[in-house]
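In: got a predicted model here, sequence first, then my questions.
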Amino acid sequence: MAEHLHETNNAQKEEENETPRINNFAQKFLADLDEERERLGADFPLCALLIDEAFERVYSTGRIPGREYYADVYQQKPIKVTQKVFVPVKQFPKFNFTGKILGPKGNSLRRLQEETQCKIVIKGRNSIRDRTKEEEMRESGDPRFAHLNRSLYVEISTIAAPAECYARIAYALAEIRKYLVPDKNDDVSHEQLLELMEIDPKSAKQYSKSILDKKMMTGPSSSKFYNLARHGDQQGMYQNESDEEVYETKVHTRLVTPIHNYGYVKGKYVFRNTFLHK
């Protein structure tokens with residue numbers, strides 16, 4: 001399970017390198033920023049940080065920062081809205097948020113994008129599986145990889161009419177929260193384990209065994225995730241048993257006394273043409 005959760009598929013790699021369309025004005029703006037950053041040197045670290053943020057904003061939105069944009073709801077002109085989502089990696093440093101968001105073979109992230117109609121990208125430190133390659137990209141100084149110097153976060157963006165655009169972002173924020181809960185026993189992890197059992201039963205069995213070993217050390221648990229892992233681990237014990245045991249139901253006979261009179265009998269009601277059980 002851990003192997004599949006850490007795996008970043010080709011679509012995820014393409015999203016890391018994908019940039020929005022940048023017009024001529026934005027390209028000239030980026031060229032001027034790069035020229036000014038070379039003039040600053042190392043004596044002005046705060047100015048260099050602001051320039052890097054401007055680079056990142058242009059590459060993420062495709063627009064020059066600092067300008068005020070209006071939403072045209074009359075003609076319903078499409079706009080692009082980008083929202084960054086905080087990931088609590090400092091509060092829970094041992095939890096694998098990237099793996100939970102991606103899911104087995106990246107299917108969880110793919111379904112989340114299709115359902116919310118938003119582009120969802122994991123950015124920041126430790127967002128790339130190959131740590132050596134990430135360090136090279138970080139030290140390259142390329143503005144496209146400036147986000148690797150920041151803490152891990154999720155970037156959600158979409159393009160649509162103004163009202164539809166913000167509705168998609170709101171829905172995506174509500175859905176992404178389920179994947180940012182540091183719990184391996186919730187419904188999301190339960191569904192991912194079921195999916196992994198169908199994709200790769202061997203890896204699912206190994207992951208289930210690791211969960212069982214941890215639970216044996218910490219004590220039994222009544223969670224659905226633990227019960228599912230326990231069921232998958234014990235399922236092989238009953239595969240060779242094909243004979244079914246059939247139990248016959250015992251019927252206890254009771255004596256009945258016929259009653260020929262009608263009406264009310266002391267303490268009990270008697271109906272016509274019936275027998276009263278003792």
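Out: Arrived safely, thanks for sending. Numbering: from 1, shown residues only.
In: tell me the mean pLDDT for stretch 153-163?
Out: Taken as a whole, stretch 153-163 has an average pLDDT of 94.
In: other residues contacting it?
Out: Where contact means Cβ atoms under 8 Å, 6 or more residues apart in numbering, the residues beyond stretch 153-163 that reach it are 60, 71-73, 76-87, 101, 116-124, 147, 165, 168-169, 172-173, 176, 180. Backbone N, C-alpha and C define where each C-beta goes, glycine included.
In: can you show me the CA trace of that stretch as PDB?
Out: Output of stretch 153-163 as PDB, limited to C-alpha atoms (Å, rounded to 0.1, in the frame of the first residue of the first chain):
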ATOM      1  CA  TYR A 153       0.600  22.500   0.000                       C
ATOM      2  CA  VAL A 154      -2.200  21.800  -2.500                       C
ATOM      3  CA  GLU A 155      -3.000  24.100  -5.300                       C
ATOM      4  CA  ILE A 156      -6.600  24.100  -6.700                       C
ATOM      5  CA  SER A 157      -7.500  26.000  -9.800                       C
ATOM      6  CA  THR A 158     -10.300  26.100 -12.400                       C
ATOM      7  CA  ILE A 159     -11.500  28.200 -15.300                       C
ATOM      8  CA  ALA A 160     -15.200  28.900 -15.700                       C
ATOM      9  CA  ALA A 161     -17.800  31.600 -15.500                       C
ATOM     10  CA  PRO A 162     -17.400  33.600 -12.300                       C
ATOM     11  CA  ALA A 163     -20.200  32.000 -10.300                       C
END
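In: where along this structure do the helices fall?
Out: With helices called from DSSP state H, the chain shows them at 2-6, 10-17, 24-40, 45-61, 97-102, 107-116, 131-139, 162-176, 187-199, 201-218, 224-234.
In: picking that back up, which among the contacts of stretch 153-163 count as buried?
Out: Among these, those classed as buried by 16 or more other Cβ atoms under 10 Å are 60, 79-83, 87, 101, 116, 118-124, 147, 165, 168-169, 172, 176, 180.
In: so where is the protein shaky, pLDDT-wise?
Out: Applying pLDDT under 70 to the chain flags residues 1-23, 60-63, 65-68, 202-278.
In: how's it carved up into domains?
Out: 11-182, 183-235 (automatic domain parsing).
In: relative to A174, how far out is E115?
Out: As judged by Cβ to Cβ, to the nearest Å, E115 and A174 stand 11 Å apart.
In: do D32 as well
Out: Counting by Cβ to Cβ, the separation of D32 from A174 is 40 Å.
In: ok, now D34?
Out: For D34, the distance to A174 - Cβ to Cβ - is 39 Å.
In: before we move on, what about H190?
Out: H190 sits 19 Å away from A174, going by Cβ to Cβ.
In: for those two, indicate the residue with more neighbours.
Out: The neighbour comparison of H190 against A174 (other Cβ atoms under 10 Å) goes to H190, with 18 against 10.
In: excluding its backbone neighbours, what's nearest K119?
Out: Using Cβ to Cβ, 6 or more residues apart in numbering and skipping residues adjacent in sequence, the residue nearest K119 is S157, 5.0 Å away.
In: what do you get for V73?
Out: Spatial nearest neighbour of V73, chain neighbours left out: P162 (5.3 Å); criterion: Cβ to Cβ, 6+ apart.
In: count the neighbours of the residue nearest to K178 when sequence neighbours are not counted for me.
Out: Using Cβ to Cβ, 6+ apart and skipping residues adjacent in sequence, the residue nearest K178 is V188, 5.4 Å away. Neighbourhood size, V188 [other Cβ under 10 Å]: 19.
In: report the separation between V188 and V87.
Out: From V188 across to V87, the span is 15 Å (Cβ to Cβ).
In: cool, and D187?
Out: From D187 over to V87 the distance is 20 Å, taken as Cβ to Cβ.
In: over to E56?
Out: 17 Å.
In: ok, the closest residue to Y166 other than its chain neighbours - contacts?
Out: Leaving aside its sequence neighbours, Y166 sits nearest to V81 (Cβ to Cβ, 6+ apart; 6.3 Å). Residues counted as contacts of V81 (Cβ under 8 Å, 6+ apart) are 157-158, 165-166, 169.
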